[in-house]
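Undergrad: build me a structure from this.
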Amino acid sequence: DAVHLQVGDNAINLQECVFDDADTCHIPDEALFHAQSAFFVSIVIVQWADVIACRTRRLSIYHQGMRNTVLNIGLLEETVLA
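TA: This next block holds a predicted model:
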């Protein structure tokens, strides 16, 4: 049972969502959850890059190293929480 809409000169056919068909249908709440999760993980990754960039302004990360245990624990905790 399709719903037909006429908007100006354009005809739009809306079909009923069948949850077994993954190609043409999605669950809006699940899509929102995935989008929010991806956004949160991207923020965490940018924070990693910011910490490493701020800590190594003059020396390379290979020359300076990552010997700050508080920073390393903070990065680990942030990763686990994400």
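
Undergrad: all strands for the protein, in order.
TA: Remark: strands assigned in the chain by DSSP state E are 3-7, 10-14.

Undergrad: ok, residues contacting the last one?
TA: This points to strand 10-14. Strand 10-14 is contacted from outside by Ala2, Val3, His4, Leu5, Gln6, using C-beta atoms under 8 Å, 6 or more residues apart in numbering. The way it works is simple: take the backbone N, C-alpha and C, and place the C-beta from them, glycine included.

Undergrad: greatest separation within these: which pair is it?
TA: Farthest apart among these by C-beta to C-beta are Ala2 and Gln6. That separation is 13.2 Å.

Undergrad: columns mean neighbour count and distance to Val46 on top of the strands of the chain, output as a markdown table?
TA: Output for these, formatted as a markdown table (neighbours: other C-beta atoms under 10 Å; distance: least, C-beta to C-beta, whole Å):
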| stretch | mean neighbour count | distance to Val46 |
| --- | --- | --- |
| strand 3-7 | 8 | 40 |
| strand 10-14 | 9 | 38 |
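
Undergrad: okay, the ones you listed in JSON lines with mean pLDDT next?
TA: Formatted as JSON lines, the strands of the chain follow (pLDDT from 0 to 100):
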{"stretch": "strand 3-7", "mean pLDDT": "75"}
{"stretch": "strand 10-14", "mean pLDDT": "75"}
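
Undergrad: closest to Phe33 out of these?
TA: Short answer: strand 10-14, nearest of those by C-beta to C-beta, at 24.0 Å.
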